[in-house]
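A.B. asks: After the sequence you'll find the predicted model.
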Amino acid sequence: MNRDHSNAQYKTVSVNATKEGYAALELHRAIEGVTKRVARVIFWDAAGQFFFETFDVDIPLEIAEALIVEAKETIKTQ
């Protein structure tokens, strides 16, 4: 994802931590030149399922839904 919404730009970053047993798609938000990780969808191998978490911020539902769809499409599960 690389999308503008209101006064922010949202971008996704793929994370593969096979040693730790997970893969994730993180959501980063840039406002006025300051970029911050705001959410992620993570797939834990041990649990065999996806989890959604935010990092002490509110994000628009439209952006959260797009993050979830993208994560399900791009994170390889076994």
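C.D. replies: Received, thanks. Residues are numbered from 1 along each chain as shown.
A.B. asks: Paired strands for the helix or strand where His28 lies, with orientation please.
C.D. replies: Following DSSP states H and E, one finds His28 within strand 22-31. Strand 22-31 sits in its sheet next to strand 8-17 (antiparallel), strand 34-44 (antiparallel), going by DSSP bridges.
A.B. asks: tell me the most buried of those strands?
C.D. replies: Compared across the strands paired with strand 22-31, strand 34-44 shows the largest average neighbour count, a mean of 17 (mean count of other Cβ atoms under 10 Å). C-beta here means a position set from N, CA and C on the backbone, and glycine is covered the same way.
A.B. asks: Give me the residues contacting that strand.
C.D. replies: Contact partners of strand 34-44, identified using Cβ atoms under 8 Å, 6 or more residues apart in numbering, comprise 15, 21-30, 49-55, 57, 59, 64, 67-68, 71-72, 75, 77.
A.B. asks: One more: stretch 46-64?
C.D. replies: So stretch 46-64 is in contact with 1, 3, 5-6, 10, 21, 27, 29, 36-44, 67-68, 71-72, 75, 77, going by Cβ under 8 Å, 6+ apart.
A.B. asks: Mind doing that once more with 10 Å?
C.D. replies: Stretch 46-64 has contacts (Cβ atoms under 10 Å, 6 or more residues apart in numbering) with 1, 3, 5-6, 8, 10, 21-27, 29, 36-44, 66-68, 71-72, 75, 77-78.
A.B. asks: Thr12 and Glu26 touch, don't they?
C.D. replies: Yes. Contact criterion Cβ atoms under 10 Å: Thr12 and Glu26 qualify, at 6.7 Å.
A.B. asks: between the two, what contacts are shared?
C.D. replies: Contacts common to Thr12 and Glu26, judged by Cβ under 10 Å, 6+ apart, are 39-41, 67, 71.
A.B. asks: thinking again about what came up before, let me know the average pLDDT across the strand holding His28.
C.D. replies: Here strand 22-31 scores 97 as its mean pLDDT.
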